[in-house]
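Colleague: Sharing a model prediction with you, sequence too.
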Amino acid sequence: MDHEKGSGVKGCIKASKGPWVVHRTTGDGGIVTKYRFPSDVERQKNKQRERNRRAVAQKIFAGLRAHGNYRLPKNADSNDLLKALCLEAGWQVEEDGTVYRKKISIPKYATPPRQTCVKSISAHIMTPVDQW
C-alpha cells in the first residue's frame, strides 16, 4: 500500500479507504451530500475498470502516434486528442479552450473550377461536364 501513495495515482483509483462523497441535486435546486461506504469488492472492480479504460486509451493514442501522424504528448489524454483532431480539421484551439476556424488564404490567381452543362437531347437532363 505504501508504494501506491507515492506513485501519484490520479483519477478514481484511490488508495484511501474512506467513504465516497456523493452530491445530488434535489427537485427544488438544493444540493444534498451523502456518504457511500463501498465494499472492498466494489473498490477492486472500480480500480480494474479504470485500469482497463486507461489501457485502451493508451493503445488508441499509441496507434494514432504510429499510424495517424498525430503529434501527441507522451502522457496524452482525450483533450490532447481532441486538440490534434481540431487542428487537422482546420480549427485553432487556444490554451484556454477557445476554438475558432483558421483563416484560409486563397491565392488571387486561383480561379474556382467551372462547371459546364450539356443538354441531352434524348433525356432532357442537364449533366455536369467537369472531367473533360
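Modeller: Arrived safely.
Colleague: contacts, neighbours, all on C-alpha from now
Modeller: OK.
Colleague: for this protein, what spans make up the helices?
Modeller: Counting by DSSP state H, the segments of the chain that form helices are 2-6, 40-67, 78-89.
Colleague: Same list, these, but as TSV with mean pLDDT and distance to Ile31 please.
Modeller: Formatted as TSV, the entries for the helices of the chain read as follows, by pLDDT from 0 to 100; distance: least, C-alpha to C-alpha, whole Å:
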stretch	mean pLDDT	distance to Ile31
helix 2-6	46	31
helix 40-67	88	25
helix 78-89	83	29
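Colleague: closest to Thr26 out of the ones you listed?
Modeller: Within the helices of the chain, the stretch nearest Thr26 is helix 40-67; the backing value is 26.4 Å (C-alpha to C-alpha).
Colleague: just the angle between that closest one and helix 78-89, please?
Modeller: Helix 40-67 and helix 78-89 are oriented at 30 degrees to each other (axes from the mean of the first three to the mean of the last three C-alpha atoms, to 10 degrees).
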